[in-house]
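Chemist: One predicted model, sequence on top.
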There are 2 protein chains.
Amino acid sequence: MMTEVEIKTASEQTRMRLLDAAREVFSEHSFQGATVREICRRADANVAAVNYHFGSKDGLLAEALNFAPLAALQNANVSAAACPRLRLRLFLRDFMLMLLDEKNPSSQCRIMARELADPTSALDKIVREAIAPLHAFLGKLVREIVGEKVSESELRRCVHSIVGQCLFYRHSHPVLQRLYPKLRYDRKEIEAIGEHIAEFSLAGIGQLDKTDRV
Amino acid sequence: MMTEVEIKTASEQTRMRLLDAAREVFSEHSFQGATVREICRRADANVAAVNYHFGSKDGLLAEALNFAPLAALQNANVSAAACPRLRLRLFLRDFMLMLLDEKNPSSQCRIMARELADPTSALDKIVREAIAPLHAFLGKLVREIVGEKVSESELRRCVHSIVGQCLFYRHSHPVLQRLYPKLRYDRKEIEAIGEHIAEFSLAGIGQLDKTDRV
DNA sequence: TTTACTTTCAAACAATCGTTTGATACAGTG
DNA sequence: CACTGTATCAAACGATTGTTTGAAAGTAAA
């Protein structure tokens, strides 16, 4: 008793398993550190399967990327009936859950975060389809909060400050784990982090109109 | 006519050249991405030189690390006759120069930043001797600014927010380069970034006493 | 069943990695 | 000079990498 969408040919199932395994491994190791053999092992597939279905390791990474969840977050946010400040809070909460929650099936952000440190051929696509829209989205949101008086370069730096705080917890996870061995990223902790970043950033944004610097 | 400190045996000169080349390559590539052959090529040394002088690639990295410049920055700051807020501004300026200025001979921070994404056996030493002291230093500084009312966990998150903003510009350099092709990290730009982070963070810190949250 | 095509598989390939080896050149001491 | 320990070198080693190959297995239509 299978519904239509569940019916897959063996080939399609193998593709799916490879993509799932690839997202797992690419989010755990850097692109160089992730091996085709490990991916195939987790996907219960032959070593040649990657090249047969995706052409190359690069091709597998390109197809494993999926920016829809991140875009959905932004779309849901812009259509929310709430003031810009609250919308920033809500977005940061969801964004941090996507970044940190290991139970979150969307490992995309973790893969993207890895690409920052060691860019591969996939970085151009990531920047174009995910990061640039994200920065544009946050830029608009911050603009709504801060008004028209603030220069574009100041606005940009505020976006950088916000994104930087978020990515820190992902990038520095190995470090924080050593600094605070008791640290666990459960849902409550992640939400607290998101709330802190929101409050911290709203204050940082708010100080802009006090000065006349460009 | 050489002064005493400049006199080096050929062996010591080779060691020096290897360490310099290693710092270069390790700051440009991840540990996995950096190859012993490339390091030896830049040091005009034989491939076997690394293992002869340092035992292994790991040993070379361990000896190439030098946390003195970062510690010097903190020591100079604590003994400066200035209010905590100004000291935070000054530190962030110097720290960003160390992180971003390619002409800065201290590539240590760039190597450390790479370790965050893909930890190697050197990370424990880095955390113990560099990152933990840095966080402690910033913690004290923020504590001076914010007073005793703020909880330890809130204080810690403020430090994370500050460090996160700083590291963002280093980690995301490849991304920012693609988003803003005109971007250049000259001294003026770096100082402007440091100033922004200081103002943004001081405002973020300042909002803590408005609420009574723990 | 026969035919044509797709997918899987064990095995091998070529390249690159960190590391080791054994010979060679060199320095300093007697 | 001979002797000794150190440093350098070209070459190779063993392991691992992404990728390719050619045969075997599977699939679906005629």
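Modeler: That came in fine, so what should we check first?
Chemist: Tell me the pLDDT of A:F54.
Modeler: Reading off the confidence values, A:F54 has pLDDT 97.
Chemist: I'd say it and A:V36 touch.
Modeler: No. Counting by CB atoms under 8 Å, A:F54 does not reach A:V36; the two are 10.0 Å apart. C-beta here means a position set from N, CA and C on the backbone, and glycine is covered the same way.
Chemist: what sits in contact with each of these two?
Modeler: Among the neighbours of A:F54, those also in contact with A:V36 (CB atoms under 8 Å, 6 or more residues apart in numbering or on different chains) are A:L60.
Chemist: can you give me the angle the helix or strand of chain A with the lowest mean pLDDT makes with helix B:108-117?
Modeler: Evaluated with mean pLDDT, DSSP states H and E, the helix-and-strand set of chain A has its lowest mean pLDDT in helix A:108-117, which scores a mean of 86. Here helix A:108-117 points in a direction 150 degrees away from that of helix B:108-117 (axes from the mean of the first three to the mean of the last three CA atoms, to 10 degrees).
Chemist: and helix A:108-117, what does it pack onto?
Modeler: Of the remaining helices and strands, those touching helix A:108-117 by 3 or more CB pairs under 8 Å, 6 or more residues apart in numbering or on different chains; DSSP states H and E are helix A:10-28, helix A:68-78, helix A:84-100, helix A:123-126, helix A:152-171, helix B:108-117.
Chemist: Just the buried residues of the next helix-or-strand element following the fourth one, please?
Modeler: Scanning forward in sequence from helix A:123-126 by DSSP states H and E, the next helix or strand is helix A:132-146. By neighbour count, with 16 or more other CB atoms under 10 Å in any protein chain shown as the criterion, the buried positions of helix A:132-146 are A:L134, A:H135, A:F137, A:L138, A:L141, A:V142, A:R143, A:I145, A:V146.
Chemist: contact partners of helix A:132-146?
Modeler: With contact meaning CB under 8 Å, 6+ apart, helix A:132-146 is reached by A:70-71, A:74, A:77-78, A:84-85, A:87-88, A:91, A:150, A:155-156, A:158-159, A:162-163, A:202, A:205-206, A:208-209, B:179.
Chemist: Run the angle between it and helix A:152-171 for me.
Modeler: Helix A:132-146 and helix A:152-171 meet at an angle of 120 degrees, taking the same axes, to 10 degrees as the criterion.
Chemist: Let me have the buried residues of helix A:132-146 in a markdown table, extended by pLDDT and distance to A:G194.
Modeler: Compiled in a markdown table, these are given as follows (pLDDT from 0 to 100; distance: CB to CB, whole Å):
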| residue | pLDDT | distance to A:G194 |
| --- | --- | --- |
| A:L134 | 97 | 15 |
| A:H135 | 98 | 18 |
| A:F137 | 98 | 16 |
| A:L138 | 98 | 14 |
| A:L141 | 97 | 15 |
| A:V142 | 97 | 16 |
| A:R143 | 97 | 21 |
| A:I145 | 95 | 17 |
| A:V146 | 93 | 20 |
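Chemist: Report the two of these separated the most.
Modeler: Comparing every pair within the buried residues of helix A:132-146 by CB to CB identifies A:L134 and A:V146 as the most remote, at 18.1 Å.
Chemist: Show me which residues of chain A sit near DNA strand C.
Modeler: Within chain A, the positions lying close to DNA strand C (CB under 7 Å from any atom of the strand) are A:T9, A:A10, A:S11, A:T14, A:A45, A:N46, A:V47, A:A48, A:A49, A:Y52, A:H53.
Chemist: Neighbour count says what about those residues? Which are buried?
Modeler: When those are checked for burial by 16+ other CB under 10 Å, the buried set is A:T14, A:A45, A:A49, A:H53.
Chemist: Please name the nearest non-neighbouring residue to the last one.
Modeler: This means A:H53. By the measure of CB to CB, 6 or more residues apart in numbering or on different chains, the closest residue to A:H53 outside its immediate chain neighbours is A:R15, 5.3 Å from it.
Chemist: how many other residues sit next to that neighbour?
Modeler: 20 (other CB atoms under 10 Å in any protein chain shown).
Chemist: burial of A:R37, as a residue count?
Modeler: The local packing count at A:R37 equals 10, with neighbours defined by other CB under 10 Å.
Chemist: swap that for A:E63, sorry
Modeler: Using other CB under 10 Å, the number of residues around A:E63 comes to 15.
Chemist: Buried residues, the host helix or strand of it. List them.
Modeler: Using DSSP H and E, A:E63 maps to helix A:57-64. When neighbours are counted by 16+ other CB under 10 Å, the buried residues of helix A:57-64 are found to be A:K57, A:L60, A:L61, A:A62, A:A64.
Chemist: and if you look at stretch A:60-78?
Modeler: Within stretch A:60-78, the residues that qualify as buried are A:L60, A:L61, A:A62, A:A64, A:L65, A:N66, A:F67, A:L70, A:L73, A:Q74, A:N77, counting by 16+ other CB under 10 Å.
Chemist: what sits against A:H173?
Modeler: Under the criterion of CB under 8 Å, 6+ apart, the contact list for A:H173 reads A:Y185.
Chemist: For it, give me phi and psi.
Modeler: In terms of degrees, to the nearest 10, the main-chain angles of A:H173 are phi -50, psi -50.
Chemist: ok, it to B:A198 distance?
Modeler: Note on A:H173: its distance to B:A198, by CB to CB, to the nearest Å, is 26 Å.
Chemist: ok, now A:K125?
Modeler: Taking CB to CB, one finds A:K125 at 35 Å from B:A198.
Chemist: can I assume A:D94 is in contact with A:L73?
Modeler: Yes. Checked against CB under 8 Å, the pair A:D94 and A:L73 is within contact range at 5.3 Å.
Chemist: Pull the number of nearby residues for the nearest residue to A:E115 once chain neighbours are set aside.
Modeler: Nearest residue to A:E115, sequence neighbours excluded (CB to CB, 6+ apart): A:L123, at 5.1 Å. By the measure other CB under 10 Å, the count of residues near A:L123 is 18.
Chemist: Just to check, A:L123 is in contact with B:P174?
Modeler: Yes. Because the distance of 6.3 Å satisfies CB under 8 Å, A:L123 is recorded as touching B:P174.
Chemist: For A:L97, which non-adjacent residue is closest in space?
Modeler: Nearest residue to A:L97 in three dimensions, chain neighbours excluded: A:I190, at 5.5 Å (CB to CB, 6+ apart).
Chemist: That neighbour sits in which helix or strand?
Modeler: With secondary structure defined by DSSP H and E, A:I190 is part of helix A:187-206.
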